[in-house]
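Novice: Let me see the structure of the following:
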Amino acid sequence: MNKIVYIILFLFLSSFSLFGQNERDSLSLKITTKWSGKILNLNSSYISKQKDTIKITQLKFYISDFQVKYNDNTILSDKNSHLIDFEKTNTSFLNIAKNYKKNIKSINFCIGIDSLASVSGALSGDLDPSNGMYWAWQSGYINMKIEGNSSSCKTRKNSFNFHIGGYLKPYNAMQKIEIPVNKIQNQINLTLDLEQFFSEINLKEINSVMIPGNDAMELANLSSKMFYIE
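Specialist: Modelled structure (predicted):
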């Protein structure tokens, strides 16, 4: 009996050790949403620098063409497009690749979908139109969707709807982002702070952007300022 217990304990400890080793050998990306440096909760109320009371009900966006640049000038690339949906917490954690345990100089990624994918028709997985992030081939994908309510919006149910996208010039809304890292790590903690976005929006005047155009481009430029590494 003692021998059986010993074998079970040995197998358990071996599995735990292997799990820990795999965790160290993998480079992952964790994405956290905040408001003014604190964890953001959907359907909770927040006050912007514009003195607007804001409740976020939906937040989705695409990360694509993710790259890790190392100090030795090597690059690790992930060409896939990932849909981050904050109603689905499992989408906020991505295993990128093997961890090479080298000093990471920076990370580069795009917010949105490139023109090739936008004109490729109905795709599958994260790019499936059933995810609610595809307009039509003329307009392509919605790069980022932010929806919610604010008493500042004189709309039905005080709602605001920002569907930011477009791939045709001059309204190519995809944003390319580079963030310095300068450290060796197993997990890259990427944060987006929505207060940065709403601090520059007058919700009384702009509360519904649903098509490509000048307004969508302005919001796309604002969205790129939300991201930083912790």
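
Novice: residue ranges with poor pLDDT in the protein?
Specialist: Under the criterion of pLDDT under 70, the regions of the chain flagged as low confidence span 1-25, 121-122.

Novice: Output the longest strand belonging to it.
Specialist: strand 53-70 (DSSP state E).

Novice: Go through stretch 119-136 and flag the buried ones.
Specialist: Neighbour-count burial for stretch 119-136, counted by 16 or more other Cβ atoms under 10 Å, picks out 126-127, 131, 133-135. All C-beta atoms are positioned from the backbone trio N, CA, C, and that covers glycine.

Novice: now for the longest strand of the chain, which elements pack on it?
Specialist: strand 26-35, strand 45-47, strand 75-85, strand 93-98, strand 104-111, strand 140-150, helix 194-198 (3 or more Cβ pairs under 8 Å, 6 or more residues apart in numbering; DSSP states H and E).

Novice: in terms of contact count, name the helices or strands touching the last one.
Specialist: So that's helix 194-198. Using 3+ Cβ pairs under 8 Å, 6+ apart: helix 194-198 touches strand 26-35, strand 53-70, helix 214-223.

Novice: Just the residues contacting the helix or strand that the first one is followed by, thanks.
Specialist: From strand 26-35 onward toward the C-terminus, using DSSP states H and E, the following helix or strand is strand 38-39. Where contact means Cβ atoms under 8 Å, 6 or more residues apart in numbering, the residues beyond strand 38-39 that reach it are 32-33.

Novice: from the buried residues of stretch 119-136, which is closest to Ser151?
Specialist: Among the buried residues of stretch 119-136, Met133 lies closest to Ser151 (Cβ to Cβ), at 27.9 Å.

Novice: Dig out what the residue nearest to Phe93 when sequence neighbours are not counted forms beta bridges with.
Specialist: Among residues not flanking Phe93 along the chain, Lys30 sits closest, at 5.4 Å (Cβ to Cβ, 6 or more residues apart in numbering). When assigned by DSSP bridges, Lys30 has beta-bridge partners Phe93, Asn189.

Novice: And for Leu27, the neighbour number?
Specialist: 21 (other Cβ atoms under 10 Å).

Novice: what's it in contact with, if anything?
Specialist: By Cβ under 8 Å, 6+ apart, the residues touching Leu27 are 68, 76, 95-100, 186-188.

Novice: Show me which of these are buried.
Specialist: Looks like these have 68, 76, 96, 99, 188 buried, using 16+ other Cβ under 10 Å.

Novice: My read is that the fourth one contacts Leu29, right?
Specialist: No. Using Cβ atoms under 8 Å, Asn99 is not in contact with Leu29, being 11.8 Å away.

Novice: Surely Ala117 is within a helix?
Specialist: Yes. Residue state for Ala117 (DSSP: H, G, I helix; E, B strand; the rest coil) corresponds to a helix.

Novice: Which residues are in contact with it?
Specialist: By Cβ under 8 Å, 6+ apart, the residues touching Ala117 are 81, 123, 127, 140-141.

Novice: go again using 10 Å as the cut-off
Specialist: By Cβ atoms under 10 Å, 6 or more residues apart in numbering, the contact set of Ala117 is 62, 64, 81, 123, 127, 134, 140-141, 167.
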